[in-house]
Each structure stands twice: as structure tokens, then as C-alpha cells.
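> here you go, sequence then predicted model.
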Amino acid sequence: MSVGIDEISFYTSNYYLDLRTLAEAQQTDPDKYYVGIGQEKMGMAAPDEDIVTMAANAAMPLLAEGAGERVTTLLFATETGIDQSKAAGVYVHRLLGLSSNCRVVELKQACYSATAALQMACALVARKPDSKVLVVASDVARYDLNTPGEATQGCGAVALMISAKPRLVEIDPEVGNYTEDVMDFWRPNYRATALVDGKYSTKIYLKSLKKAWENFRTVSALTFNDFGHFCYHLPFGRMAQKAHQYLAKLNKSALSPEQQEYQIEDTLLYNRAIGNSYTASMYIGLASLLENGKRSLAGERIGFFSYGSGCVAEFFSGKVVEGYERWLHRDRHRQLLDARQALSYDEYLQLYRYPDPRDGEHHDLPAVTTGRFRLAAISHHKREYVVC
Ligand code: HMG
């Protein structure tokens, strides 16, 4: 029985900073960002947006016409946790009106946890094929101002409906994993921004790719040449390009640089405009590939490389289903990206520095988001979410 991704939808804030604007303020050559790291824009969450509102906005379109009734589990992947105890998915569960018999749990391992959620979801569905599992991954990527990481911020959420006989991508059961205790990127509980050893993180990313791929090859009969396209974790586009060149070289691929680029270029389009969305980024890359493919991908095998700093990595594979085009949310996603508003550098700083109230008083938040769900207030240390 096939199990996999039945539908995919993503959401990002209505606001973004163009990296040209950042470069101008920093008196840096914009090509360092546009060419050197391969990014153009980064999403900035409004004061009344967070991982919960973004996740609910991403998932809502998958629940039309009673589609939520068979959802028995909601798995929420994030590294931008809003509570040490309560799973952010419990708020999403209410906002989406899911059944009170649906279980909810939050998963964490940097950017990797959405893939852990996907694999767990596939296992649950394989056990009970008439059920569906909703996987949501939602993050706000934040680094300190005036650090090399600043240009690689972003925000976004993705929702994947996992079912038997999926309409988009069948996920193969074989996976290759690699885990190593390293400090390339981390965020202690008391910090709002991540700490990162940037150059080291890119080296560990590539080492993990090699190790996860080698492990994958011991359990799967698929070789490099069996894949039509590859989706990589996307901290920034150039990272995926370097990773793919590296994997092609490891496999002594006869493909030209242009053919190698073709295998990943469509996965990079949305991320180039959104920035790093941590757990969500590889799956927004998958949506980008499926929705922007120059020809039908039906029947093609896709290779996935999921990486989470710290670190855990996984290489796995999937097959695109015949007729997948009918179930995409292409127009809505493009409208979402096209309708966004550019921020000036000062507006970006205002959003970046917007206070995060921790005093237990009542704080109303300004109605700024254009999304369906918003964080209306933080009162007595409780977050109050509303449907607009
Ligand atoms: P940096 O060190 O300031 O950048 O920041 P750089 O000087 O290395 O320049 C970057 C590239 O731009 C270089 O190309 C330059 O040559 C080029 P490369 O040598 O890499 O091919 N360049 C230019 N190109 C054209 N015109 C110009 C120009 N100037 C320079 N004028 C760094 C780079 C990655 C360190 C920084 O962005 C960073 O710290 N980012 C955050 C960490 C990160 O994203 N790491 C990625 C791997 S770890 C990961 O993916 C996990 C993560 O998502 C978190 C999680 O798992 O939760 C981060």
C-alpha cells in the first residue's frame, strides 16, 4: 500500500525585506546576497503573527469540505517554540476545528523535525490506512543584527496531509540517517535569536549529506541516476546548489553542470523570496518544484535531503503520482507571494525589535497581519489567538 503526501500548502507573512535594502543599509554589494547566497527577499513576521498563526493559515486550505474529519493526529514541527510545555499544535487544533479525538504533539530537532514528523505520520497511516495525519512545520528564522546570518532570516509554515494512496508524492520506506553531536547552530532557551558557527555549519551540512546518502544506499536499491529531481534543506539557495554539486561528484555523475542545476532549480524559487523557514523550508521547496516544473513530473523519483543542525540528517525518496497537478495550490501560493508588501530598512528594524511582552500584564497586539488567524493579545502569560 502506498503512503505519502496527499496535499501540500504553505503560508508566509505579508511582509518582507528585500536583501537589496539590507545590502544598502549595510553598505554591502547586493550581489553578495542575490548571487553569493542565492536569496532575494526574506519574510518578516508581523507583531500579531507567530508559528501558530502561520501554521493555521498554511493548514486551513487542506481542511475544506470536511477533509479534517479523518485527521487522527496533528504533528507540529518547530524550533521556534512558544512554550516549554504546551504543544503549539494544540492552539492550531482549536483554530482549525479538528476533532477532540485527534491527538497533538510537538517535535523538535532544528530544521530536521518536519521530516521526523513526516516519517512518523507515514508509519501511523500505514497502520491505519483510513486515517490521515496532518503535519505542520512552522518557524521564524532570526539571527542577531549585523551578523553574517542576518541575510538568511525568513519565516513560513507548511502543511502536509499524509494519507494512504496519496495524490502528490508516495514516500518510500527506505531512509538513510546521520546523527552527530555538534555545535554548528543552536538557540538556548533564554535567547530569541540563534547562535551559529556559519562556515562550520555549511561543512557539517555537506558531511551529513555524504553520510546520510551512504546510509541510504545500504538500504535502498535506488542510485543517483534514478532521481529526476532533488529537494534539499534550504537555509539559502546557494547551499542546495553546493550540496547537489557535491552529491553529483560523490556519485561520479556524468551530468553537465546545467543538467545538475535543472534537477534542483525549481525547488529554489519560493525559498528565494521567503528566506529560511527552518523546518518548513525543504517542503516549501517541494511545493516550489511541483508547482513550477517545466514539464510533468509524474512517475519521477525525487531525492530528499533533510538537515537539522546539532545535527540529524536524513536522505529519503519519493515518487510523484500521476495526475498530481490537479491537487496543487499553485495559484493561491503565487498570489500570496505576489501580494506581499516590501519593508523599508526602518520598518524591518521596527518589526525585528517589536517587544515580546514577558511581564504578565495584558498586551493587545496591533492588527497588522493579512492572514486569517492572528495573535490578538498576550495576557497573564497566555497567548490569545483569534480568527479574523
Ligand atoms: P558570510 O560568511 O558573510 O558570507 O556568510 P561569505 O563571505 O562566505 O559569502 C557568501 C558567498 O557569497 C561566497 O560564495 C562569496 O564568495 C559570495 P562561496 O565561496 O560560498 O561560493 N560573495 C559574492 N558573490 C557575488 N558578488 C559579491 C559577493 N560577495 C561575496 N559581491 C554564511 C555566509 C553561510 C556563513 C552566513 O549566511 C550564515 O552564517 N548563515 C546562517 C547559517 C546557515 O545558514 N548555515 C547553513 C548550513 S546549517 C543549516 O542549514 C541549518 C539551519 O537551517 C538551522 C537548523 O537546522 O535549524 C541554519
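Nice, I can see it. Numbers count the residues shown, from 1 in each chain.
> so who does the closest residue to the ligand within the stretch 1-150 of the chain touch?
Among the residues of the stretch 1-150 of the chain, residue 36 lies closest to the ligand, at 2.0 Å counting by Cβ to the nearest ligand atom. C-betas here are computed from N, CA, C, even on glycine. Going by Cβ atoms under 8 Å, 6 or more residues apart in numbering, residue 36 touches residue 238.
> just to be sure, it is in a helix?
Yes. The assignment for residue 36 is a helix, going by DSSP: H, G, I helix; E, B strand; the rest coil.
> over to whatever residue of the stretch 51-200 of the chain ends up closest to the ligand: give its phi and psi.
Relative to the ligand, the nearest point of the stretch 51-200 of the chain is residue 198 (2.5 Å; Cβ to the nearest ligand atom). Backbone torsions of residue 198, given as degrees, to the nearest 10, read phi -50, psi -60.
> now the residue lying closest to it once chain neighbours are set aside: how far from residue 264?
Spatial nearest neighbour of residue 198, chain neighbours left out: residue 148 (5.0 Å); criterion: Cβ to Cβ, 6 or more residues apart in numbering. Separation of residue 148 from residue 264 (Cβ to Cβ, to the nearest Å): 23 Å.
> for residue 156, what is the enclosing helix or strand?
strand 154-164 (DSSP states H and E).
> residue 359 should be in a helix, yeah?
No. Residue 359: not assigned to a helix; according to three-state DSSP it is coil.
> tell me the contacts of it?
Listed by Cβ under 8 Å, 6+ apart, residue 359 has no contact partners.
> and for residue 171?
3, 4, 5, 118, 119, 122, 316, 317, 318.
> surely the first one meets residue 119?
No. With contacts defined as Cβ atoms under 8 Å, residue 3 does not count as touching residue 119, sitting 10.3 Å away.
> who has more neighbours, these two?
residue 3 (23 against 19; other Cβ atoms under 10 Å).
> list the residues that contact the more buried one.
122, 125, 126, 129, 162, 163, 164, 166, 170, 171.
> ok so, going back, I'd say the residue nearest to residue 198 and residue 197 touch.
No. The criterion here is Cβ under 8 Å, and residue 148 misses it with residue 197 at 10.3 Å.
> what about these two, which has more around it?
The neighbour count for residue 148 versus residue 197, taken as other Cβ under 10 Å, is higher for residue 197 (15 against 12).
> how close does that one get to residue 211?
19 Å.
> residue 138 too?
Taking Cβ to Cβ, one finds residue 138 at 28 Å from residue 211.
> more neighbours: which of these two?
residue 138 (34 against 17).
> identify the bridge partners of that one.
According to DSSP bridges, the residues that bridge with residue 138 are residue 157.
> contacting residues for it?
Residues counted as contacts of residue 138 (Cβ under 8 Å, 6+ apart) are 51-52, 54-55, 58, 76-78, 80, 88, 156-158, 277, 279-280.
> same deal with residue 159?
By Cβ under 8 Å, 6+ apart, the contact list for residue 159 reads 8, 9, 10, 55, 58, 59, 62, 134, 135, 136.
> right, and the helix or strand after the strand holding residue 156?
strand 169-179.
> anything in that next one sitting right up against the ligand?
No. Counting by Cβ under 6 Å from any ligand atom, the ligand is not contacted by strand 169-179; separation bottoms out at 13.1 Å.
> by contact count, what packs against the helix or strand that that strand is followed by?
Later in the chain than strand 169-179, the nearest helix or strand by DSSP H and E is strand 185-186. Applying 3 or more Cβ pairs under 8 Å, 6 or more residues apart in numbering; DSSP states H and E, we find strand 185-186 packed against strand 195-196.
> adjacent strands (with direction) for the strand it packs on?
Its sheet considered, strand 195-196 pairs with strand 185-186 (antiparallel) by DSSP bridges.
> coming back round to it: could you check the pLDDT of the residue of the stretch 1-150 of the chain closest to the ligand?
As predicted, residue 36 sits at a pLDDT of 98.
> about what we covered before: is any part of the strand holding residue 156 close to the ligand?
No. Judged by Cβ under 6 Å from any ligand atom, strand 154-164 and the ligand are separated, with a smallest distance of 9.9 Å.
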